[in-house]
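Undergrad: Take a look and give me a structure for this.
(one chain, ligands or ions: 1)
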Amino acid sequence: MIKYNLKCHNEHEFESWFSNSEEFEKLKKKNLLDCIYCESKKINKSIMSPMISQAKNKDNLANIFNKDFESEKKHLLQLRKYIEKNFDYVGNDFSKKVREIYYDKRKKRAVYGTTTDKEREELAEEGIELLSVPWINKDN
Ligand SMILES: [Zn+2]
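TA: Now for the predicted structure:
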């Protein structure tokens with residue numbers, strides 16, 4: 001007699017006894033094995049080995065990564081919404097507008113837009129620090 005840990009395609013795990021390993025294969029081929037929980041016929045031997053558990057960990061890591069990425073994306077979208085709501089969009093005039101605001105304190109307002117690397121360098125030399133924000137597409 002041999003005991004196998006079996007697993008159906010719904011991830012149900014259970015134990016079953018067979019007279020030998022061929023019996024398992026035979027029963028499986030004839031669709032005589034079914035899950036004791038959901039009666040699924042898609043049964044496989046569940047192999048308990050470190051390799052498998054490592055693979056499982058990898059899956060988990062991938063899940064965690066995806067989750068983190070999703071929540072990160074959400075944060076970036078929220079950030080984008082916040083900026084769009086509270087900042088004036090000045091597009092390519094950004095560096096010009098930033099200078100106006102910087103040198104004319106009365107014109108205090110928050111703006112956002114795009115700069116080239118060169119404009120950004122020039123502004124930095126004048127002591128105007130910019131915050132660059134990863135801009136995420138809403139449709140992604
Ligand atoms: Zn099942």
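
Undergrad: Tell me which stretches of the protein form strands.
TA: 2-8, 13-18, 43-45, 88-91, 111-113 (DSSP state E).

Undergrad: what's the average pLDDT for the longest one?
TA: Spelled out, it's strand 2-8. Per-residue pLDDT over strand 2-8 has a mean of 88.

Undergrad: Just give the number of residues close to E25.
TA: A total of 13 residues lie near E25 under the criterion other CB atoms under 10 Å. Quick note: C-beta positions are derived from backbone N, CA and C, even for glycine.

Undergrad: just S95 next, same as before
TA: Neighbours around S95, by other CB under 10 Å: 21.

Undergrad: Repeat that for the one 4 residues further on.
TA: By other CB under 10 Å, 15 other residues sit near R99.

Undergrad: Surely it touches E125?
TA: No. Between R99 and E125 there is no contact under CB atoms under 8 Å: 11.8 Å.

Undergrad: quick revisit: now tabulate the strands of the chain in CSV and tack on mean neighbour count and distance to the ion.
TA: Converted to CSV, these look like this (neighbours: other CB atoms under 10 Å; distance: least, CB to the ion, whole Å):
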stretch, mean neighbour count, distance to the ion
strand 2-8, 16, 3
strand 13-18, 13, 8
strand 43-45, 16, 8
strand 88-91, 13, 55
strand 111-113, 18, 53
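
Undergrad: Redo those as TSV? Include distance to N137.
TA: Converted to TSV, the strands of the chain look like this (distance: least, CB to CB, whole Å):
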stretch	distance to N137
strand 2-8	40
strand 13-18	42
strand 43-45	41
strand 88-91	16
strand 111-113	16
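
Undergrad: And those strands: which comes nearest N66?
TA: Taking CB to CB, strand 2-8 is the member of those nearest to N66, at 23.6 Å.
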